[in-house]
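Undergrad: Need a 3D model of the following:
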Amino acid sequence: MNYTVDNGTPPDYYFYEPDPAVELNPPGTDPHEVEIHDGWPDVDRFSVDREGFELKPFAAKFDQFDDDAEIHRVFYPQVIDFVKQNTSAKRVIVFDHTIRKRLSADLKQQTTVQRPAVLLVHSDYTVMSGPQRVRDIVPEEAEALLQGRVAFYNVWKPLYRRVEELPLAMCDATTQAPGDLLRMDLKYRERTGEIYVLRWSPAHRWIYFPLMQADQALLLKTYDSSTDGRARFMGHSAFEHPDTRPDTPRRESIELRTMAFF
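TA: You can find the predicted model right below:
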């Protein structure tokens with residue numbers, strides 16, 4: 001797993017070529033070999049509010065992943081129903097999606113809907129960027145909505161067939177300490193965003209679900225405004241499975257980002 005060195009300086013990543021005088025502090029420079037546990041024996045035990053993830057059946061049918069308009073028109077409502085059914089959310093908004101395939105490890109390719117799998121231990125939002133995303137998506141309603149509980153969930157599933165290559169692994173949120181989360185600045189020319197990357201800890205317990213099928217989906221907690229003891233952030237990463245054969249079908253998955261209001 002590609003962790004990030006905690007050297008006291010927030011890591012950063014530039015989506016453009018910075019001035020040569022800028023001292024870079026890139027993420028993912030502290031790889032560690034970890035044990036990743038098969039989650040299937042405990043699949044019914046995991047809780048998105050405790051470990052930070054759950055795997056559930058995804059019964060809705062959809063196979064037009066090459067048609068962006070149909071994804072928005074047909075698949076987004078299916079995902080909204082899935083999130084509502086598996087949380088107590090009263091309102092859910094899907095605000096973007098990404099189709100993940102093996103393209104390149106270069107994060108600069110992550111600027112379109114088709115992106116490579118992310119081989120970096122990270123969580124998508126921070127205590128600052130979560131509320132800011134609400135302000136970006138629903139600016140007129142944001143301040144009122146932020147008075148209540150807001151949670152962000154990623155819905156991750158295979159496209160057409162089971163995932164055998166570059167599976168996704170989750171770090172059990174109960175094994176993360178707050179200090180393990182390092183804010184990383186995402187530098188764009190017009191703005192700076194932020195996510196969390198993780199420093200390594202021997203306490204982290206990693207889980208994955210081998211051979212996930214297209215009628216199954218992961219619900220991943222990436223932000224929660226609640227401070228009542230629920231999981232708020234959850235580290236995750238794709239990884240190179242050591243038993244992957246050279247002729248294994250390439251991973252094709254979709255990840256949708258949602259915000260839920262309670």
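
Undergrad: Run through the neighbouring helices and strands of the longest helix belonging to the chain.
TA: Longest helix in the chain by number of residues (criterion: DSSP state H): helix 76-86. Packing partners of helix 76-86 (3 or more C-beta pairs under 8 Å, 6 or more residues apart in numbering; DSSP states H and E): strand 53-57, strand 91-101, strand 150-158, strand 216-224, strand 252-261. In this view, the C-beta of every residue, glycine as well, is placed from N, C-alpha and C.

Undergrad: and with 6 Å instead?
TA: Counting contacts by 3 or more C-beta pairs under 6 Å, 6 or more residues apart in numbering; DSSP states H and E, helix 76-86 packs against strand 91-101, strand 252-261.

Undergrad: what's the offset of it from the middle of its chain?
TA: 17 Å (C-alpha atoms, centre = their mean, to the nearest Å).

Undergrad: Likewise for stretch 45-56?
TA: Counting by C-alpha atoms, centre = their mean, stretch 45-56 comes out at 14 Å from the chain centroid.

Undergrad: likewise stretch 87-95?
TA: Relative to the centre of its chain, stretch 87-95 is centred 17 Å away, using C-alpha atoms, centre = their mean.

Undergrad: Next, the buried residues of it.
TA: Buried positions in stretch 87-95, judged by neighbour count with 16 or more other C-beta atoms under 10 Å: 87, 89, 92-94.

Undergrad: With stretch 66-86 instead?
TA: Under the neighbour-count criterion of 16+ other C-beta under 10 Å, stretch 66-86 has 71, 75-76, 78-80, 82-83 buried.

Undergrad: Make a markdown table from the residues you listed and add pLDDT to it.
TA: What follows is those, written out as a markdown table (pLDDT from 0 to 100):
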| residue | pLDDT |
| --- | --- |
| I71 | 97 |
| F75 | 97 |
| Y76 | 98 |
| Q78 | 98 |
| V79 | 98 |
| I80 | 98 |
| F82 | 98 |
| V83 | 98 |
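
Undergrad: Switch those residues over to CSV; also include distance to D215.
TA: Formatted as CSV, those follow (distance: C-beta to C-beta, whole Å):
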residue, distance to D215
I71, 17
F75, 14
Y76, 18
Q78, 12
V79, 14
I80, 18
F82, 12
V83, 17
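
Undergrad: quick check, nearest of these to D38?
TA: Closest approach between the buried residues of stretch 66-86 and D38, by C-beta to C-beta: F82, at 23.7 Å.

Undergrad: where's the closest one relative to L182, distance?
TA: F82 is 31 Å from L182, where distance means C-beta to C-beta, to the nearest Å.

Undergrad: got it, and D66?
TA: D66 sits 37 Å away from L182, going by C-beta to C-beta.

Undergrad: Ok, L159 next?
TA: Separation of L159 from L182 (C-beta to C-beta) stands at 32 Å.

Undergrad: Neighbour count: the two, which is higher?
TA: The neighbour comparison of L159 against L182 (other C-beta atoms under 10 Å) goes to L182, with 21 against 17.

Undergrad: Mind pulling the model confidence for that one?
TA: As predicted, L182 sits at a pLDDT of 96.

Undergrad: Now do the SS call for it.
TA: Following DSSP: H, G, I helix; E, B strand; the rest coil, the label given to L182 is strand.

Undergrad: Count the residues that sit near R162.
TA: 15.

Undergrad: Surely it touches L211?
TA: Yes. Using C-beta atoms under 6 Å, R162 makes contact with L211 at a distance of 4.9 Å.

Undergrad: which residue ranges form the helices in this protein?
TA: Along the chain, counting by DSSP H, helices occupy 68-70, 76-86, 129-137, 142-145.

Undergrad: Next, the angle strand 150-158 makes with the second one.
TA: Counting by axes from the mean of the first three to the mean of the last three C-alpha atoms, to 10 degrees, helix 76-86 lies at 120 degrees to strand 150-158.

Undergrad: So what touches stretch 42-51?
TA: Residues outside stretch 42-51 that contact it (C-beta atoms under 6 Å, 6 or more residues apart in numbering) are 54-55, 172-173, 219, 221, 230-231.

Undergrad: May I have that stretch exported as PDB, CA atoms only?
TA: Presented in PDB, the C-alpha positions along stretch 42-51 are these (Å, rounded to 0.1, in the frame of the first residue of the first chain):
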ATOM      1  CA  ASP A  42     -17.900 -11.100   7.600                       C
ATOM      2  CA  VAL A  43     -19.800  -9.300   4.800                       C
ATOM      3  CA  ASP A  44     -23.000  -9.000   6.900                       C
ATOM      4  CA  ARG A  45     -21.100  -7.600   9.900                       C
ATOM      5  CA  PHE A  46     -19.500  -4.500   8.400                       C
ATOM      6  CA  SER A  47     -21.100  -1.100   9.000                       C
ATOM      7  CA  VAL A  48     -20.600   2.000   7.100                       C
ATOM      8  CA  ASP A  49     -21.000   3.900  10.300                       C
ATOM      9  CA  ARG A  50     -18.400   1.800  12.200                       C
ATOM     10  CA  GLU A  51     -15.800   0.400   9.700                       C
END
